[in-house]
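Chemist: Just the structure for this:
(one chain, ligands or ions: 1)
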Amino acid sequence: MKKTIQRKYAKLIARTGANIQKGQTVRLFVNVDQYEFATILVDECYKAGASRVDIDWNWQPITKLDYRHRTLRSLSTVQKWEEERLKLMTEEYPCRIFIISDDPDGLKGVNQDKMQKARIAKYPIIKPYRDAIDNKHQWTIAAVPSYEWAKKVFPELSKSQAYNKLWDAILATVRVTEDNDPAEAWRVHNENFKNRSAWLNAHKFERLEYKSANGTDFKVWLMPESRWCGGGEYTLSGVYYNPNMPTEEIFTTPCRGKAEGTLVSTKPLSYEGQLIENFSITFENGKAVSWKAEKGESLLTKMITMDEGAAMLGEVALIPCNSPINNSGILYYETLFDENASCHVALGEGFNECVDGFENRTNEECEALGVNDSMIHVDFMIGAPDLCITGYKDGVATPIFVNGEWASEV
Ligand code: ZN
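Modeler: From the prediction side, this is the model:
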């Protein structure tokens with residue numbers, strides 16, 4: 001991929017994505033094989049006004065070695081210096097930029113039990129810091145291709161052909177072309193999100209009903225305070241940023257403990273570097289009570305039983321079948337993209353920022369209203385060409401989706 005277009009993309013990430021403020025610090029999370037793109041991105045971060053860019057270099061093969069050779073006790077320890085760094089985040093509120101390029105199968109063979117136990121052990125130490133920066137800083141997730149990921153997406157192509165094709169596909173989804181102004185394209189995109197969210201918020205639906213011939217037959221209740229969001233967001237101090245690049249979803253956080261029926265997945269789910277395929281989950285009283293999967297069932301069980309909130313929903317998201325990502329026909333094996341191809345829900349943590357007036361509510365208050373809490377937040381796809389979603393308010397039914405598309409124009 002040409003350096004000029006990579007720079008255009010890096011600039012978009014730094015300014016439209018993270019919207020780095022003058023003098024702000026940046027934490028960049030990136031894989032070591034992406035050092036070339038990282039160099040361009042760091043340059044663009046400084047040009048956007050960053051005062052310091054700290055980089056967290058990652059490499060899946062080393063992560064794998066860590067899980068193999070370190071004891072559970074060692075993996076479960078949050079080192080003093082790591083905690084200091086978390087503390088620093090609550091003082092500096094840095095922009096966090098995550099550049100994804102992992103091999104979707106890159107952690108295959110890792111002991112899932114060990115991974116899960118280590119994560120559970122570290123969570124109570126990490127959580128207070130995580131809560132303390134929630135909605136107070138900008139963050140953005142974007143992707144660049146790696147050879148391994150590209151080969152997974154396009155197995156029929158040569159390594160370099162697959163790599164170039166994945167670059168093209170990524171740039172198309174984030175609205176970067178040779179001759180456009182991507183920042184302007186995102187402005188228009190965000191305007192559309194605003195109109196659609198406003199329509200949904202005006203209807204104040206109490207409950208949504210999902211039906212599809214594949215077996216999806218599902219009801220989920222929203223909180224009176226649930227607010228639909230999409231596209232860019234504001235930090236509490238009023239900085240506008242785009243957390244996901246690409247993004248096509250309008251989403252909200254449902255009421256914990258209020259969902260009934262069955263959801264059938266329509267795309268494979270890549271979780272912890274492994275795939276779960278052709279699965280369905282049945283809910284009672286808002287909780288997943290039974291599930292099955294053709295592939296990866298034990299991993300699905302691990303995920304759902306991770307903690308109490310992992311069996312409950314934290315997100316419902318609407319995306320028409322006629323979305324650029326879905327139309328590309330590409331399965332990315334990466335949630336950042338695949339979640340934007342199709343309507344989905346997420347198990348696990350809900351979004352406080354999807355609660356009306358969240359700015360003036362504490363985390364505990366949001367939780368008391370019905371926002372789910374969990375260590376995980378995992379999206380899975382349920383969109384289908386015949387999916388119908390109906391919204392209910394005071395007994396009145398309003399079609400939201402008919403046959404996989406928005407029922408009405410706004
Ligand atoms: Zn989502």
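Chemist: C-alpha only now, for contacts and for neighbours.
Modeler: Will do.
Chemist: Break the chain down into its domains, please.
Modeler: Following automatic domain parsing, one finds the domains of the chain at 3-173, 197-234+241-406.
Chemist: Straight-line length of the last one, end to end?
Modeler: Looking at domain 197-234+241-406, the gap from its leading to its trailing residue is 12 Å under the measure Cα to Cα, to the nearest Å.
Chemist: same deal with stretch 93-103?
Modeler: Using Cα to Cα, the end-to-end distance of stretch 93-103 comes out at 30 Å.
Chemist: Kindly report the same for stretch 230-238.
Modeler: Start and end residues of stretch 230-238 are separated by 16 Å (Cα to Cα).
Chemist: just how off-centre is that stretch within its chain?
Modeler: Chain-centre distance of stretch 230-238: 16 Å, with Cα atoms, centre = their mean, to the nearest Å.
Chemist: how about that stretch: buried residues?
Modeler: Using 16 or more other Cα atoms under 10 Å as the test for burial, stretch 230-238 gives 230, 231, 232, 233, 234, 235, 236.
Chemist: Next: stretch 309-322.
Modeler: For stretch 309-322, a neighbour-count test (16+ other Cα under 10 Å) marks 309-321 as buried.
Chemist: Helices - which of the buried residues of stretch 230-238 land there?
Modeler: Among the buried residues of stretch 230-238, no residue falls in helices (DSSP state H).
Chemist: would CSV of the residues you listed with distance to residue 11 and pLDDT be doable?
Modeler: Listed next are the buried residues of stretch 230-238 as CSV, based on distance: Cα to Cα, whole Å; pLDDT from 0 to 100:
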residue, distance to residue 11, pLDDT
230, 22, 93
231, 18, 93
232, 17, 95
233, 19, 92
234, 20, 93
235, 20, 94
236, 24, 90
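Chemist: Just give me the closest of the residues you listed to residue 292.
Modeler: residue 230 (31.0 Å; Cα to Cα).
Chemist: got the contact list for the most centrally placed residue in the chain?
Modeler: Centrality entry for the chain: nearest residue to the mean C-alpha point is residue 336, 5.5 Å, by Cα atoms, centre = their mean. Counting by Cα atoms under 8 Å, 6 or more residues apart in numbering, residue 336 touches 141, 142, 244, 245, 246, 247.
Chemist: Sticking with it, tell me its helix or strand.
Modeler: Using DSSP states H and E, residue 336 maps to helix 335-338.
Chemist: Report the beta-bridge partners for the nearest residue to residue 284 once chain neighbours are set aside.
Modeler: Using Cα to Cα, 6 or more residues apart in numbering and skipping residues adjacent in sequence, the residue nearest residue 284 is residue 260, 4.9 Å away. Counting by DSSP bridges, residue 260 is bridged to residue 219.
Chemist: I'd like to check which residues are in contact with residue 260.
Modeler: By Cα under 8 Å, 6+ apart, the neighbours of residue 260 are 218, 219, 220, 282, 283, 284, 285, 286.
Chemist: Now with 10 Å, please.
Modeler: Residues near residue 260 by Cα atoms under 10 Å, 6 or more residues apart in numbering: 209, 217-221, 282-288.
Chemist: That one and residue 286, how far apart?
Modeler: The gap separating residue 260 from residue 286 is 6 Å, by Cα to Cα.
Chemist: Overlap of the contact sets of the two?
Modeler: Common neighbours of residue 260 and residue 286 (criterion: Cα under 10 Å, 6+ apart): 219, 220, 221.
Chemist: Same list (these) but as a markdown table, adding neighbour count and distance to residue 69.
Modeler: Below are the shared contacts of residue 260 and residue 286 laid out as a markdown table (neighbours: other Cα atoms under 10 Å; distance: Cα to Cα, whole Å):
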| residue | neighbour count | distance to residue 69 |
| --- | --- | --- |
| 219 | 21 | 45 |
| 220 | 23 | 43 |
| 221 | 22 | 45 |
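Chemist: can you redo the residues you listed as JSON lines with distance to residue 80 and pLDDT?
Modeler: Shown next, in JSON lines, are the shared contacts of residue 260 and residue 286 (distance: Cα to Cα, whole Å; pLDDT from 0 to 100):
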{"residue": "219", "distance to residue 80": "45", "pLDDT": "98"}
{"residue": "220", "distance to residue 80": "42", "pLDDT": "98"}
{"residue": "221", "distance to residue 80": "42", "pLDDT": "98"}
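Chemist: quick check, nearest of these to residue 352?
Modeler: Distance to residue 352 across those (Cα to Cα) is lowest for residue 221, with 16.4 Å.
Chemist: helix/strand/coil for the closest one?
Modeler: Counting by DSSP: H, G, I helix; E, B strand; the rest coil, the backbone at residue 221 sits in strand.
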